[in-house]
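Trainee: Fold the following, please.
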Amino acid sequence: MQHKRPKMTLLQRAKQFMPFAALKGFQELLEETARYTENRKELSEEQLEELDRQLYSMVKGQRVRVIYYTGRRYHQVEGILDSINPVHRTIKVQGQQISLSQITKLSSLD
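Mentor: Coordinates of the predicted model:
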């Protein structure tokens, strides 16, 4: 008497071989790549000049809102301006250091 096994689905068959995947971490890389990415909007010369004017009018301890681009998407941070470093071209808001080249909008909340 022969016993017939139920036929496996393709998903069940694939799961059998998962532990033997030759490309460890490949699935995570695919998922990371597939994440949504916003394209950066280039600022005009006038917008860059206005951003510079706003930056140089800011003082340490002032409440600010900063919108900046990280390479994948835009972020916004609001809080106290901790420091402005013209040598390294960075500002620090709420302990978070942001490169001036990443900033797309800067405004005072005072």
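Trainee: buried set for stretch 87-107?
Mentor: 90-93, 98, 100, 102-104, 106 (16 or more other C-beta atoms under 10 Å). Where C-beta positions appear, they are placed from N, C-alpha and C, glycine not excepted.
Trainee: how about these, which pair is most distant?
Mentor: 92 and 104 (17.6 Å; C-beta to C-beta).
Trainee: Tell me where the longest helix sits in this protein.
Mentor: helix 45-57 (DSSP state H).
Trainee: Quick one: the strands in the chain, in order.
Mentor: For the chain, the strands defined by DSSP state E cover 63-69, 74-85, 90-93, 96-99, 103-108.
Trainee: wait, which of those is closest to residue 43?
Mentor: Here strand 103-108 is closest among the strands of the chain (C-beta to C-beta), at 6.4 Å.
Trainee: If you drop the residues flanking it in sequence, what lies closest to residue 62?
Mentor: Take residue 62 and drop its neighbours on the chain: the residue closest to it by C-beta to C-beta, 6 or more residues apart in numbering is residue 81, 4.9 Å away.
Trainee: for the one you found, which residues make a bridge with it?
Mentor: For residue 81, the beta-bridge partners are residue 93 (DSSP bridges).
Trainee: For it, grab the count of nearby residues.
Mentor: Here the number of neighbours of residue 81 (other C-beta atoms under 10 Å) works out to 21.
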